[in-house]
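Q: Mind looking at a prediction? Sequence and model below.
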Amino acid sequence: MSGGVTHERNPGAGMLRRFFGCSYEVAELGRHLGETEKFEFNVDRPRPCVVRLSKSCWDRQPSDSVNAICTAQTGEEAVDDATESGKDIHDELSSAMIPAVALFLWRYGLTEGPPNPCRNLRRYTSNDGKSWCEVPPARASSLSLSFGIPYRSTFPPRDVIRNDMAELVRTENNEEPLGRQLFKEAWSERETRPRSALVIGVAAAEVGFKKLVGRLVPHAQWLMDEIQTPPLGTMLRKFLPTLPVKFGRPPGVLLNQLDEAIKRRNKLVHAGAPPPNKDELEKILRAINDFLWMCDMYAGHSWAQDYISVETRIAWAAAPRRNILTDGQR
């Protein structure tokens, strides 16, 4: 493949039609995609484009069979080549792909890993949107996605995922919830920077709940953002039951775990206490992960219940009037 920008001129109109594309490799995602399967959805920001996820694209194959390829493609009309640089367009395509991948992984329940799970960016141009020439990239990222939090061995029908993705791109502005983004950062820091992992993890839970309140009761968002609020555990026990949600508050065992997480965070930040050991920290983060999935359920994403841990689901189902498998249908 050769570098450079290819284009064609629209006869009589004096317009140039150019196509631009980017691709990232997404580690481990190929485990969950069929050989010929492809997810495709439109993204509006920062530039309108089509994002696709599949096992391969154009001339590119993943470096490992367990990986997948994410691409973004757009077309541009301009009077001349200098109207807008190809680098700017490629940068915007790259910026559109990363949150789209995160949104897809969130819907799939694959919540562990670094904030940016993509690596090895490649840039392309084309004169017809079919035959692509690779443009040497300025630099390529080298991030990978690893797993350790249990996730489903089977997934919803592909049509369900496609429909949900179209809705999420529209309603979530192609943005993974902030609490979920913070959780990924916390999990990725758990072994090398346990203090940061604990602080960021508790912040993820607090942000997740505050954003939920703002979504369910929009006029309360300002209060949640600007006024000192009670501890998270108190809000979950006292305030959550007053919100317009179909499910009861989280089970007591999870509330106790969140209380302990907040106490450990406060002692670490204010008194310089040591962070939890590895096992304790992972237990805390897994509890926060479950809580964030509950926030997604409360926000109307019923599919999120599938990703809550078995232990928490059992505890929630056993609590009076807290059955997550039936309350949402009432």
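A: Right, received. Where do you want to start? Every value quoted in this text rests on a predicted model; they were computed, and no experiment measured them.
Q: quick one: low-confidence parts of the stretch 1-150 of the chain?
A: Across the stretch 1-150 of the chain, residues meeting the criterion (pLDDT under 70) sit at 1-15, 78-84, 112-116, 137-150.
Q: for it, what spans make up the strands?
A: In the stretch 1-150 of the chain, the strands defined using DSSP state E, counting those that start in this stretch lie at 8-10, 15-26, 38-43, 49-54, 68-78, 118-126, 133-135.
Q: The closest residue to residue 267 other than its chain neighbours in helix, strand or coil?
A: Once flanking residues are discounted, residue 267 sits nearest to residue 273: 3.9 Å by Cβ to Cβ, 6 or more residues apart in numbering. C-betas here are computed from N, CA, C, even on glycine. Assigned by DSSP: H, G, I helix; E, B strand; the rest coil, the conformation of residue 273 is coil.
Q: still on that earlier bit, list just the one of the strands of the stretch 1-150 of the chain that sits closest to residue 268.
A: Closest to residue 268 of those, according to Cβ to Cβ: strand 118-126, at 31.9 Å.
Q: Just give the closest residue to the residue nearest the centre of the chain, not the sequence neighbours.
A: Geometric centre of the chain, nearest residue: residue 102, 3.0 Å, by Cα atoms, centre = their mean. The shortest distance from residue 102 to any non-neighbouring residue, by Cβ to Cβ, 6+ apart, is to residue 176 (4.3 Å).
Q: That neighbour contacts residue 99, correct?
A: Yes - Residue 176 lies in contact with residue 99 (Cβ atoms under 8 Å); the separation is 6.4 Å.
Q: what's the spacing between residue 180 and residue 288?
A: In this view, residue 180 and residue 288 are 10 Å apart by Cβ to Cβ, to the nearest Å.
Q: Not including adjacent chain positions, what is the nearest residue to residue 261?
A: residue 284 is the one closest to residue 261 (Cβ to Cβ, 6+ apart), at 4.5 Å.
Q: C-terminal to the host helix or strand of the one you found, what's the next element?
A: Using DSSP states H and E, residue 284 sits within helix 278-298. Using DSSP H and E, the helix or strand that follows helix 278-298 in sequence is helix 310-318.
Q: buried residues in that following helix?
A: By 16 or more other Cβ atoms under 10 Å, the buried positions in helix 310-318 come out as 312-313, 315-316.
Q: same question, stretch 204-217
A: For stretch 204-217, the neighbour count (16+ other Cβ under 10 Å) marks 204-216 as buried.
Q: Over to stretch 278-298?
A: By neighbour count on 16+ other Cβ under 10 Å, the buried set for stretch 278-298 is 281-282, 284-298.
Q: do you know how far residue 206 is from residue 94?
A: Distance from residue 206 to residue 94, by Cβ to Cβ: 31 Å.
Q: ugh, typo on my part, it should be residue 23
A: 10 Å.
Q: shared neighbours of the two, anything?
A: Here residue 23 and residue 94 have 72, 121 as joint contacts, going by Cβ atoms under 8 Å, 6 or more residues apart in numbering.
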